[in-house]
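Colleague: Below is the sequence, then the predicted model.
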Amino acid sequence: MKILSTISNVACLILLSAALFTSCKQTSDTKTTNTVKDSTNFKLYSKNVQDSFFISVQLPLAYPEQPKKKYPVVVLTDANFYYPMLAPVLQQYEQGGLLPPMILVGIGYKSFQAMDSLRQRDYLYPKAIPSDEMKAPGGGQNFYRFITGELLPYINKNYPTMSTERTLLGHSFGGYFTLYSLLEQLNTKRADFSGFVAASPSLWYNNFYLSRIPEQLKTSAVTDTLSLHLTVGQLEDPKWSVAPVNDLSSMLKTDKRLKFSSTIYTDLDHMDVGLISYIRGLQKIYNK
């Protein structure tokens with residue numbers, strides 16, 4: 001596993017996000033007004049979850065000049081927290097030629113507080129066991145079905161998407177959900193996502209339930225069509241965070257069915273890992 005010292009890079013990216021968010025968001029809103037669905041923010045009710053989600057969509061800077069072109073789709077969990085940071089960075093990276101133009105789809109809740117309480121309901125599967133010391137109903141499967149059966153069809157219908165080029169991003173419980181989605185996709189023989197970025201995933205959940213991914217990958221018909229970027233911060237808990245990511249990485253890195261990469265970020269703790277993981281993960285997946 002590659003080890004990088006990136007604290008200064010993360011600080012710069014966050015400052016860049018804060019400085020550019022207002023101007024870039026205004027640019028995005030202006031360019032998407034009266035084009036596709038006339039809005040970049042909407043509420044979408046899920047029959048699977050039986051709740052509404054607040055969706056944010058950012059079209060690439062290239063869209064006004066190339067409206068008929070189809071673009072890769074990046075689906076972001078924990079959007080209340082990460083979307084305001086990641087959205088302007090993706091546009092800036094597109095403008096600088098560091099990433100290709102892509103459509104960003106953020107899945108959020110009605111408020112930051114709601115996200116903080118409901119992500120436990122939506123991101124974890126199966127139901128929590130006593131050793132988890134938490135109450136999680138195991139709604140991850142319902143949330144997965146919302147994304148694959150309700151959200152993605154809506155996005156495909158209303159936006160110029162490349163249905164074969166979609167990446168799912170998640171951090172912490174969201175990172176767990178990203179890996180669970182990979183497992184579920186293998187189990188159901190679906191092809192909803194071609195890329196997965198899991199930052200500091202909560203691999204300890206339900207007695208390391210996701211440790212079955214390597215075996216499921218071996219029995220799948222997948223060749224080399226899937227990419228996974230897995231990360232953790234070196235300052236995170238050595239036993240419950242760093243070691244499980246190392247163990248899973250050791251099992252996955254030799255499997256040629258998966259385009260796999262992993263990184264331990266030195267000097268970074270749990271909450272520092274998400275943004276830099278998303279950017280670097282997208283670069284590894286799309287800068288071929």
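Modeller: In hand now; what should we look at?
Colleague: Just give the number of residues close to residue 105.
Modeller: 24 (other C-beta atoms under 10 Å). Placement of C-beta: from N, CA and C, glycine included.
Colleague: Mind checking what secondary structure it has?
Modeller: Classification of residue 105 using DSSP: H, G, I helix; E, B strand; the rest coil returns strand.
Colleague: And for residue 67?
Modeller: coil.
Colleague: swap in residue 197?
Modeller: Under three-state DSSP, residue 197 comes out as strand.
Colleague: For the residue lying closest to it once chain neighbours are set aside, what is the enclosing helix or strand?
Modeller: Computed as C-beta to C-beta, 6 or more residues apart in numbering, the closest residue to residue 197 that is not its neighbour in sequence is residue 281, at 3.4 Å. Assessed by DSSP states H and E, residue 281 sits inside helix 273-286.
Colleague: before we move on, back to that, just checking, the residue nearest to residue 197 touches residue 171?
Modeller: No - contact between residue 281 and residue 171 fails when scored by C-beta atoms under 8 Å: they sit 10.8 Å apart.
Colleague: Common neighbours of these two, please.
Modeller: Both residue 281 and residue 171 are contacted by residue 199, under the criterion C-beta atoms under 8 Å, 6 or more residues apart in numbering.
Colleague: okay, the two: which has more neighbours?
Modeller: Taking neighbours as other C-beta under 10 Å, residue 281 and residue 171 compare with residue 171 leading, 28 against 25.
Colleague: I'd say the more buried one and residue 76 touch.
Modeller: No - contact criterion C-beta under 8 Å: residue 171 and residue 76 do not qualify, at 9.7 Å.
Colleague: And the helix holding residue 281, what's buried?
Modeller: In terms of neighbour count (16 or more other C-beta atoms under 10 Å), helix 273-286 has its buried residues at 273-282, 284-286.
Colleague: ditto for stretch 246-261
Modeller: Within stretch 246-261, judged by 16+ other C-beta under 10 Å, the buried ones are 248-249, 252, 257-261.
Colleague: again with stretch 90-99
Modeller: By neighbour count on 16+ other C-beta under 10 Å, the buried set for stretch 90-99 is 90-94, 99.
Colleague: Mind checking which of these land in helices?
Modeller: Among the buried residues of stretch 90-99, the members found in helices (DSSP state H) are 90-94.
Colleague: which stretch of helix or strand covers the residue most central in space within the chain?
Modeller: Centroid-nearest residue in the chain, with C-alpha atoms, centre = their mean: residue 169, separated by 0.7 Å. According to DSSP H and E, residue 169 maps onto strand 161-171.
Colleague: Could you list every helix and strand in contact with that strand?
Modeller: Helices and strands touching strand 161-171, by 3 or more C-beta pairs under 8 Å, 6 or more residues apart in numbering; DSSP states H and E, are strand 71-76, helix 79-95, helix 152-158, helix 173-188, strand 195-199, helix 273-286.
Colleague: quick one: strands adjacent to it?
Modeller: Strand pairing for strand 161-171, determined by DSSP bridges: strand 71-76 (parallel), strand 195-199 (parallel).
Colleague: got the contact list for the first one?
Modeller: If you take C-beta under 8 Å, 6+ apart as the criterion, strand 71-76 is touched by 59-60, 62-63, 82-83, 86, 90, 100-107, 147, 151-152, 155, 159-162, 165-169, 193, 278, 282, 286.
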